[in-house]
Every structure is written in C-alpha cells, then in structure tokens.
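Chemist: need a structure here:
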Amino acid sequence: MLLLLLGSIFGLFFIAVIPPGYNPDEPSHFLRAAQLGEGQLTGRQIADDQFSEIAVGAPRQTFGGDVPRAVAELFAATHVFPEATHPMGVEKTSSIDWRKARGLHITNETVSAGITAEAYSPLVYAPTLIPYWLGKLLDLPVLVIFYLARILNLAAGLFLTWAAIKLIPRGKWIMLMVGLLPTTIIQFSSVSSDPVAIGLGFLAVALALRIAFQDSSVRKGQWIQLLGVYAALGVAKPAYITLLGVMLAIPLCNRHARKLKDWAPWAIVLLLAAAAALAWQKIGVALPPSPEATAQVEAQNAFVAGHPLAVLKTLFYTFFTDMGVTRYFLPGIFGNAVWARVFLSTPFIYLLCGALALSPLVRDKDESSWEGTTISRAVLPAGLVSLFVAASALIGVGLYMVYTAARMTVVIGLQGRYFLPLIPLLLVAAIPFRARLDDIQGRLRAVLVGIALASLVSMAWQTWTYLWRPGLGIFW
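Modeler: Numbering: from 1, shown residues only. Sure, this is the predicted structure:
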C-alpha cells in the first residue's frame, strides 16, 4: 500500500505541475495515441510535416500519420518546442496560452504529423486511448483528455508495479524502492509508453521468480500467465524481451520443474513470447528505414569494423564516466523531469544508491524462504547479474548503432529510465540466502521509506520551482 499511497500523491503532483508535453517524448506519444485513436495502426511516409509548422520548433519528421488538428495545436499552445534551446523553466511556462489550450476540441480537421513514437504498439497506449475515445464521444477539450490520460497512465503503472511487489517471492522492498524512484513516478505520470512497458517489465521479473522459488510443480495456468506477460512485454517494448532470460531460473531453482514434461511448455513460452515481439516489429515498422537511418547504420558498421574496440570504449564512457551535456544516464535513473532539464540533487542520488544497496537486506513478513542447492545458490546470482549486464549492453549497442555518429565517445539517446525494469535483477542477485539482520528490520524499513520520501519531496520541489517559482530552488 505504501507504493500506491506515495505513488498517487506525488504522481498527481507531477501531473498537475508539469505542463502538457514537457515530459520525455510526450508530444510524440500523445500524437501516436491520437493516430491510433483515429484508426491508423501504422504510419506512412509524409512529405509535409504540418505538425512542425503548427508547433513551431518541433523537429521535422518524414514518417508519421494524420492526427486531429486540435491535438497538434495543444503543443503549440503550451510552447513545448523548441525543447532543446532556451528559454526554459519559468520563462517558458509563463508564456503558455492556457485559454487557447482549454478551448481546443477534436473535430474532423486533421493535419499530417511526424511521429517518432510510430513503432510503439497500441498496447502501451491503452490508458491513453480510453480517455481519448471517451473525450471524443463527450466532446471534452483536448486538454482534459490529456490530463485524464496522464491519470490513467499513473494508475496503470502503479497497479502493475503493485502486482509485481505482491508476486515477487523475495525482494519485495527491492521492487518497492525501484517503484518509488522519482524517475519511475514521473514516467508513470506522463502520457507515454513507459507506464505500461516498465510495469510489465517489473511484473515479468516477479512472475518468473515466483514460479522459480515455489516448492511445487508449475501449473498450466502459470505457464499461460508467463506467456501472456512476456508476450505483452515483447509487444510493449521489444528491447525488454531480454528479460526472458529470467525464466532460466525456473528449472534452476524449482526442483519440480526439471522434468521432461516441463521443458516443452517452457520452450513454447520462450519461443511464442519472442515471436510476439518480432511480429509486432514486423507490423509496426511497415516502411523501410529512411535513407538517413540506413546511412547512419552503414557508417557505424564500417567504423566498428575498422575499430572493433571503439564500441566498448564508448559504452564504458557512457556508463561509468561523466561526459558533460550529452550525459544524462546516472541522474536519469534516479530522478529527472521536464525533458532532462530538472535533475534530482546529487546528495539524494547518493542516498538512493545507498537505499537500493540496503534493500536486499530488508525482508518482508510474507516473503518465502528458499535454500536451494549449492550450485543453484551460486548460479542464480551470477546469472541475474550477467543478464543485467547483457541486457544493458544490448540497449547501449542498439542506440550506438542507430543514433550515435561515428567516433563519438558517448551513446546518444541513452536515458536512465530505459534501465528501470533491469535494476531488480541486480538487486535480487544480492539478496543473502541466510538471515538478514532480523534485529534491525524495522529500522532498515524506516530508513528506506525516509530516503524514498525525501527524494520525492526534493524532486517535486525542484520541478515546481524550476517551472513556476524562480529563485526558490535548493541544491541547484
């Protein structure tokens, strides 16, 4: 209940304080939802990106679809663009035309819009499509539809994370602390693919580990649940399909799941979930990549072929060093808002690092015990850490090949929020198999809750002062 309480309070605060479109890629996600709401499953090549003309400063795109003009006008009224240049903060929010935003209603008039979120599936936009269709039916202002979509996205993200906490047999406080990171709550409070994708990532890890640690055979219904969750995760965000590796813990840790009859459903779940992710990639990306994208990948392939260690060097710089303005990775994991303009203060980042490190030592009263064998106790932590490293590297390499120019020393486009569903893997691997400081469990819980609450308060304060009250920021 702590997640639902704090998540709702601070989530609603961020919904109210952050103007429409000021969260990461929020305009493109709302445009994609509107495109789906109008019955367009996939996009098309567009010769004239009218959205970039209406919302002055928006990057011009060559791939997208048709959306109601009122949706495009919303982001012109809130002055989201150009997001990469100043002025920002109070100077920008003070110029928002709220009267115009409140008067926009969806009509039959449409415009072509370049949509960078074109490849995302309808599944991740379910919390946005519901208020979109309801708003059209009731002729609600687009602004009201947008805020209702934020509220439903928050509810979806919190519910999926809460379900993961209830399901995971060991490490409930790990899942709670990751769920209460300021970045997690802010992303849940936005119109985005992240609430559903991140929540499904948490749920997939929790469900696989629950089955792995149970002292009974895997039931037919559990195989169906695994297939449903992992297939949905693959469709929601194909990059997270690497979390299928957690299913290896089932035959490793559950002695009842090592029989020959269990290998067939295990393999079927793996193959069908992977096929679902690949199938959506085939459907969602209906057009071949642009000449610019093709040239980028070819240039990187040629560079890597001639400099095979360059990618390792770039990944090292990206993950383990601070490279300045192109580097938002570490703060992005713990707390950032308003399109990477507001970062959680460094002292709170250190506190959250400490809290996450302590979370494997905290044991909830209804956590299950698992002794395992000598081999499984050694292999499970090593396997989870290896999966975390491999999944993180794949995300980094993918962005390196597609978005990063040759010879750059950091990966462009890598954001900390991409790694939120992977963090529990690393922390569950650190759970000790023996007793965990039984005499100070209450104090540890109080420390973790205090740090989570203080970090959320700090993030909320900085976001509010940055956007609405100049000169009041602390630890700035």
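
Chemist: in the stretch 201-350 of the chain, which spans are helices?
Modeler: In the stretch 201-350 of the chain, the segments counted as helices under DSSP state H, counting those that start in this stretch are 220-236, 249-253, 260-284, 291-306, 310-320, 329-334, 346-358.

Chemist: dump the residue contacts of the spatially most central residue of the chain.
Modeler: Centroid-nearest residue in the chain, with C-alpha atoms, centre = their mean: residue 194, separated by 3.8 Å. Contact analysis of residue 194 by C-beta atoms under 8 Å, 6 or more residues apart in numbering lists 157, 187, 188, 417. (Glycine included, C-beta is placed from N, CA and C.)

Chemist: Please apply the same query to residue 180.
Modeler: By C-beta under 8 Å, 6+ apart, the contact set of residue 180 is 2, 3, 6, 7, 452, 456.

Chemist: Narrow these to those in strands?
Modeler: Of the contacts of residue 180, none are assigned to strands by DSSP state E.

Chemist: Please tabulate these in CSV, including the columns neighbour count, pLDDT and distance to residue 64.
Modeler: Listed next are these as CSV, based on neighbours: other C-beta atoms under 10 Å; pLDDT from 0 to 100; distance: C-beta to C-beta, whole Å:
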residue, neighbour count, pLDDT, distance to residue 64
2, 17, 91, 41
3, 21, 95, 36
6, 19, 96, 37
7, 24, 97, 33
452, 24, 95, 39
456, 25, 96, 36
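
Chemist: List the buried residues for the top helix by length along the chain?
Modeler: In the chain, taking DSSP state H as the definition, the longest helix is helix 374-403. Neighbour counts over helix 374-403 (16 or more other C-beta atoms under 10 Å) mark 376, 379-381, 383-384, 387-388, 391-393, 395-397, 399-401, 403 as buried.

Chemist: shaky segments in the chain?
Modeler: Low-confidence segments of the chain (pLDDT under 70): 82-88, 284-293, 322-329, 340, 434-437, 470-476.

Chemist: what's the closest of the contacts of residue 194 to residue 50?
Modeler: Proximity of these to residue 50 (C-beta to C-beta) peaks at residue 187, which lies at 28.7 Å.

Chemist: Once you drop chain neighbours, what's closest to that closest one?
Modeler: Excluding its sequence neighbours, the residue lying closest to residue 187 (C-beta to C-beta, 6 or more residues apart in numbering) is residue 194, at 4.2 Å.

Chemist: what's the answer for residue 120, then?
Modeler: Distances taken as C-beta to C-beta, 6+ apart place residue 193 nearest to residue 120, at 4.8 Å, with adjacent residues excluded.

Chemist: ok, that neighbour - how many residues close by?
Modeler: The number of residues packed near residue 193 is 25, by other C-beta atoms under 10 Å.

Chemist: What segments of this structure are strands?
Modeler: 44-45, 63-68, 110-114, 336-337, 342-343.

Chemist: among the helices of the stretch 201-350 of the chain, which is nearest residue 71?
Modeler: Nearest to residue 71 among these is helix 260-284 (20.4 Å), distances taken as C-beta to C-beta.

Chemist: Run through the neighbouring helices and strands of that closest one.
Modeler: Applying 3 or more C-beta pairs under 8 Å, 6 or more residues apart in numbering; DSSP states H and E, we find helix 260-284 packed against helix 220-236, helix 249-253.

Chemist: Need these in CSV (columns: distance to residue 42).
Modeler: Shown next, in CSV, are these (distance: least, C-beta to C-beta, whole Å):
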stretch, distance to residue 42
helix 220-236, 14
helix 249-253, 35
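
Chemist: Make JSON lines out of those helices and add distance to residue 342 and mean neighbour count.
Modeler: Formatted as JSON lines, the helices and strands packed on helix 260-284 follow (distance: least, C-beta to C-beta, whole Å; neighbours: other C-beta atoms under 10 Å):
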{"stretch": "helix 220-236", "distance to residue 342": "27", "mean neighbour count": "20"}
{"stretch": "helix 249-253", "distance to residue 342": "38", "mean neighbour count": "21"}
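
Chemist: which residues touch the residue nearest to residue 120?
Modeler: Contacts of residue 193 (C-beta under 8 Å, 6+ apart): 29, 117, 120, 124, 125, 236, 237.

Chemist: If any of these are buried, put those into a PyMOL selection.
Modeler: Those of the contacts of residue 193 that count as buried under 16+ other C-beta under 10 Å are selected in PyMOL with:
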select buried, resi 29+117+120+124+125+236+237
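
Chemist: Just name the closest of the contacts of residue 193 to residue 164, please.
Modeler: If you rank these by distance to residue 164 using C-beta to C-beta, residue 236 comes first, at 14.4 Å.

Chemist: what's near enough to touch that closest one?
Modeler: Each residue near residue 236 by C-beta under 8 Å, 6+ apart is listed here: 120, 121, 123, 124, 193, 196, 197, 200.

Chemist: Closest one to residue 466 out of those residues, please.
Modeler: When those are compared against residue 466 (criterion: C-beta to C-beta), the nearest one is residue 193, at 24.9 Å.

Chemist: Can you pull the phi/psi pair for the closest one?
Modeler: Recorded main-chain torsions at residue 193 are phi -80, psi -10, according to degrees, to the nearest 10.

Chemist: Distance of it relative to residue 300?
Modeler: Residue 193 sits 25 Å away from residue 300, going by C-beta to C-beta, to the nearest Å.

Chemist: cool, residue 231 as well?
Modeler: Going from residue 231 to residue 300 by C-beta to C-beta gives 31 Å.

Chemist: now residue 240
Modeler: Using C-beta to C-beta, which is the criterion applied here, residue 240 is 23 Å from residue 300.

Chemist: And for residue 40?
Modeler: The value you get for residue 40 to residue 300, if C-beta to C-beta is used, is 31 Å.

Chemist: From the neighbour counts alone, determine which of these two ranks first.
Modeler: Just comparing residue 40 and residue 300: by other C-beta under 10 Å the higher neighbour count belongs to residue 300, 21 against 17.

Chemist: what's the closest non-adjacent residue to that one?
Modeler: Nearest non-adjacent residue to residue 300, counting by C-beta to C-beta, 6+ apart: residue 401, 5.0 Å away.

Chemist: pretty sure that neighbour is touching residue 297, no?
Modeler: Yes: judged on C-beta atoms under 8 Å, residue 401 makes contact with residue 297 at a distance of 5.8 Å.

Chemist: list the contacts for the closest residue to residue 336 other than its chain neighbours?
Modeler: Spatially, and ignoring its direct neighbours in sequence, residue 336 is nearest to residue 343 (5.2 Å; C-beta to C-beta, 6+ apart). Neighbouring residues of residue 343 by C-beta under 8 Å, 6+ apart: 328, 331, 335, 336, 462.

Chemist: Near the fourth one, how many other residues are there?
Modeler: Other residues within reach of residue 336 by the criterion other C-beta under 10 Å amount to 25.

Chemist: just the second one next, same as before
Modeler: A count of neighbours around residue 331, defined by other C-beta under 10 Å, yields 20.

Chemist: Please apply the same query to the last one.
Modeler: As a burial measure, the neighbour count of residue 462 was computed by other C-beta under 10 Å and equals 24.

Chemist: Excluding chain neighbours, give the residue nearest to it in space.
Modeler: With C-beta to C-beta, 6+ apart as the criterion, residue 462 has its nearest non-adjacent residue at 5.4 Å, and that residue is residue 342.
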